[in-house]
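Trainee: Task: produce atomic coordinates for the following.
(2 chains)
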Amino acid sequence: MTVKDIFESMDYGPAPESASEALGWLADRGGIAGHFINGQWGPLRDDFASNNPATGEKLAGVTKGTADEVALAVAAARKAQPKWAKDGQARARVLYAIARLMQKNARLLAVMETLDNGKPIRESRDIDVPLAIRHFYHHAGFAQLMETEMPNAESLGVCGQIIPWNFPLLMLAWKIAPALAMGNTVVLKPAEYTSLSAMVFCEICTAAGVPPGVVNIVTGDGETGAALVDADVDKIAFTGSTAVGRIIREQTAGSGKALSLELGGKSPYIVFDDADLDSAVEGLVDAIWFNQGQVCCAGSRLLVQEGIADRFYAKLKSRMDGLRIGDPMDKCIDVGAIVDPVQLAEITRMVDTNTSGETYQCAAPDGCFYPPTLITGLAPADTLMQEEIFGPVLVATTFRTPTEAVEIANNTRYGLAASVWTENINLALDIAPKLIAGIVWVNATNLMDAAAGFGGVRESGFGREGGWEGLMGYTRPKGKMAKLTAPTAFTTTDGTPADPLDRTAKLYIGGKQARPDGGYSDPVFNKSGKLLGHASIANRKDLRNAIEAMAAAKGWSKTTGHLRAQILYYIGENLSARSDEFATRINQLTGTKTGTKEVGDAINCLFTWAAWADKHDGAAKGVPIRGVALAMHEPVGNIAVLTDDTRPLMGLIEPLAPALAMGNRITAVASQPFPLAATDFYQVLETSDLPAGVANILTGSHADLAPHMAAHANIDAVWSFSTADVSHVIEAKSTSNLKRTWVNHGTARTWPSSIWRAQSTEVKTIWIPYGE
Amino acid sequence: MQTMDPKTTHLPQVQEPRNDGIPLDLSWVKAVQANTSAIERRAATLPGRRSVKKDYQAAWLCKAISLMDLTTLSGDDSEGRVKRLCAKARQPVRADLLKALNMEGLTTGAICVYHDMVETAVDALRGTNIPVAAVSTGFPAGLSPLHLRLQEITESVNAGAKEIDIVITRRHVLQGNWSALYDEMAQMREACGDAHVKAILATGELGTLRNVARASVVCMMAGADFIKTSTGKEPVNATLPVTLTMIRAIRDYHDRTGIRVGYKPAGGISKAKDALVYLSMIKDELGDRWLQPDLFRFGASSLLGDIERQLEHHVTGGYSAGWRHAIG
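Mentor: Residues are numbered from 1 along each chain as shown, chains lettered A, B, ... in the order given. Next comes the predicted model:
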């Protein structure tokens, strides 16, 4: 093509970024990616190839980490951790140095990332690498501030971290920066397709003065990851598919290892008829064609208001025609290569299997590329509207009203992100809290920053990365866990009742006292063998009924904190009026004289949480945009609790009060040996204006009920403070809907209110760019 | 190639039916939205998404010259100054460089002057296909009496201007008086006769991008052949967000009416790299058809100098200096 020809055609032409520096870097190091343990490379083996997906050429050999090698890395991390945890200011300087050195090596990192992953160089250069750097700068600050601003927090220890291939360096930064800032040491396993930018990062760590053993990288595949999950680590942080997240949850169940999961999504992208349609179309380019759609928070489900759908689709198709697909190293490319032929085959299979709607596709070059695709006219029932494709495929449907938009948007197992496009601030700010998601973007998409929390609900996982809330995942409150001993119920009887009037406690479900489905109850005796009464034995059907009552009481979650405070105060007031009666009951049940104190504690607890009900403020995050990122606290939803059975009343009140204060609905199972204080409490609830179904109380066997609680898909969190050995089964069965779990592993302590608040809420980050 | 063939012309009417306008559709105007943050994000990321290198860059820069309204709009303009500019329009780049690029015959898109200088410019450009554009209607404020503004148009057309750059009454936009804006624009269009009319919105004085978008639509409905950002005299002139807003309005107008309206950013575009970004924005948002002088112009005075230096660098491999290129 001559200049004259181009003058006529006005084509873009090639604009290649050079690969030579990055390839040279690999060659200089023997062309093998492998372990970085205790500040040393090795062993390095060519166990499998890491290919450039755009060309199919081998970039490097990769070492497949063995369980022994993982153990070596964990041991190195273990050894280095105490010293690393000691000095936050020293950590801050090291993290700052990492950020500076990443900046100096930004081009090498970007090119390496694009070669290895296939994403356009524009994205790795302008998005991935700058965001990764920002993460280290921001967390250098957290390291600096930890001692003064988080005086009650301490590091967890050694964190095992497993990251995906879609943002190899950025996910590494999201994992390593907060862990290191909080004084943990790490063993990180990059994804098997994409280990190379982590290699560059290791050298940066050495240059930045990261002490040996603080950052360890073990390369490998899923088996290596499984070995890391099994290793002697204090936490597993995983980002990846929901399927693997489930396996990890099951594998770590009962181990006492902390876990955070950032999993898949099918995030809705909602366009109202008053939106700036051209901007909404452009937003979709960044939502679903960014990184070839291989983004967990991709706006992959387009919901358009009916009246504008045809016009919107026409604009969108025209925009798709302008997408440039091809060599990711070209600076003028919008959509690069799919990470691996395996992934390409999976995308192809999913789209080819679909028979619904109308499909519109761009042209794509031969090789490991998939054309940007739009499928309109789908219904929520279509598989592609439900399943994550993890490719550049957008599926679309229409809605009529804001209510219907929310209904369709929330009709999913996932809950990671959502976009809302409207010029009406009333509508935007009404919709955002109603969407089941960890992140909502108003008139924007895929905005991320180190200062803002990122993470999901439902099967998109739990835990947040970024911001103060992200630090929760890498710290615990100082203080020791005490061994919890199970109390024994009094079982011998002298054949006479303590009170001649027969009292059989029923279950408290949906604001009513209900007979147990099984029709059985257990006698409860005092120390001297007198019958105190009978407690119903709840079975899984009673549990189901309680959960349905909780679900029906969802209005509670929309009440104001002020109202919830009033009701909690009222409960406290009514309990106070019956203090003596409850104290006597507790003394009778436990055979001790602690009743008065326990009742006093319970009233105090209710008042404390009444106080908190309207004071657990959210935050406006200092993100680098013109706009705000609101961190809003939302209730978790339906919480099921196995209470601390050593304290008949306080065991119930301690979880109930914060859960209710934060707007959750709760089903609590009373102390198994001492159930009758909780059953007496029904009357207190009944006289305190608490709406029916908000709090439900069961009696019966903790061990029998635990697996059913954990498996129920309409419970959002299960807590156990029980002395029964149920932690393992709860964590293992929670994989049904990947609910949050908070279990005690047979230990106990007094948790600070910050932990109760964190466990009772989700942080939703709502990004609102503004400007007229 | 049009610059090589004297039989073709830069004039819009040859290639594209003119925009005769449509009745004022207020429901359309009021439904127009422009989300500033989203528009700014698109504008901010575009330079990183598009890159034109080597021969392609040279060709694109030549294209930018062919799309340039080489402009002088100063109180001290004289016949001599305008003649000098016209000479530059005929030979915008040193002959040896154009020869090396095989782009001989390249001229600028037009010359843009005040009414008083139209005759001088027409004379100086005789024998070329370079049209003369006149800024009329009480430029730049546009607040002289309407009948005088219309009279000025007529006189500029009579003096030989083929294109008339009018300024709208900003007040009509700021007050949401769309019918007044429509009527004014329609009268000016009528006064232009066969000359093409470019409507200057003075976007730096319209307050919001939403106003820019709505004013764009109203001017197109009233028959503007081009919509243009600025007089060059406002505190803020052409910007990428404003450009995006206006060309999206043009695209919408084309989608709904089938009529292509041209776009002219003016003021503040002085670097070759900026010109490339503008061209890629036009290419990506409107399509290649708009990369012709009948549908796109740069209003610029100092841009050409930077492009010349870049072209010399392309030809010789060495960085150039301003004094190696003729002034206009």
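Trainee: Report the separation between the closest residue to chain B within the stretch 451-600 of chain A and residue A:446.
Mentor: Closest approach between the stretch 451-600 of chain A and chain B, counting by CB to the nearest CB: residue A:452, at 16.1 Å. Backbone N, C-alpha and C define where each C-beta goes, glycine included. Per CB to CB, to the nearest Å, residue A:452 is found 12 Å from residue A:446.
Trainee: So which of the two has more stuff around it?
Mentor: Legend: neighbour count by other CB atoms under 10 Å in any protein chain shown for residue A:452 and residue A:446, higher for residue A:452 (26 against 21).
Trainee: Now do the more buried one against residue A:461, distance only.
Mentor: For residue A:452, the distance to residue A:461 (CB to CB) stands at 17 Å.
Trainee: Repeat that for residue B:61.
Mentor: Taken as CB to CB, the span from residue B:61 to residue A:461 is 50 Å.
Trainee: Could you do residue B:46 as well?
Mentor: 34 Å.
Trainee: between these two, which one's more packed in?
Mentor: residue A:461 (29 against 19).
Trainee: Just the pLDDT for the closest residue to that one other than its chain neighbours.
Mentor: Distances taken as CB to CB, 6 or more residues apart in numbering or on different chains place residue A:261 nearest to residue A:461, at 3.6 Å, with adjacent residues excluded. For residue A:261, the model assigns a pLDDT of 96.
Trainee: Equivalent analysis for residue A:495, please.
Mentor: pLDDT, residue A:495: 82.
Trainee: Over to residue B:165?
Mentor: 97.
Trainee: Any figure for the gap between it and chain A?
Mentor: 25 Å (CB to the nearest CB, to the nearest Å).
Trainee: In three-state terms, label that residue for me.
Mentor: Judged by DSSP: H, G, I helix; E, B strand; the rest coil, the three-state class of residue B:165 is strand.
Trainee: just checking, it touches residue B:136?
Mentor: Yes: under the criterion of CB atoms under 8 Å, residue B:165 makes contact with residue B:136 at 7.0 Å.
Trainee: what's the nearest residue to the closest residue to chain B within the stretch 101-250 of chain A if we skip its chain neighbours?
Mentor: Residue nearest to chain B within the stretch 101-250 of chain A: residue A:126 (4.9 Å; CB to the nearest CB). Distances taken as CB to CB, 6+ apart place residue B:48 nearest to residue A:126, at 4.9 Å, with adjacent residues excluded.
Trainee: Please work out how many residues are found near the one you found.
Mentor: The burial count for residue B:48: 15, using other CB under 10 Å.
Trainee: And it, its phi and psi?
Mentor: Per-residue torsions, residue B:48: phi -80, psi -20 (degrees, to the nearest 10).
Trainee: Residue A:458 reaches residue A:737, doesn't it?
Mentor: Yes: when contacts are counted by CB under 8 Å, residue A:458 is listed as touching residue A:737 (6.6 Å).
Trainee: Quick check: neighbours shared by the two?
Mentor: Common neighbours of residue A:458 and residue A:737 are listed as residue A:413 (criterion: CB atoms under 8 Å, 6 or more residues apart in numbering or on different chains).
Trainee: With neighbour numbers in mind, choose between the two.
Mentor: Ranked by neighbour count (other CB under 10 Å), residue A:458 and residue A:737 place residue A:458 first, with 24 against 15.
Trainee: Not counting its neighbours along the chain, what's nearest the more buried one?
Mentor: residue A:415 is the one closest to residue A:458 (CB to CB, 6+ apart), at 3.8 Å.
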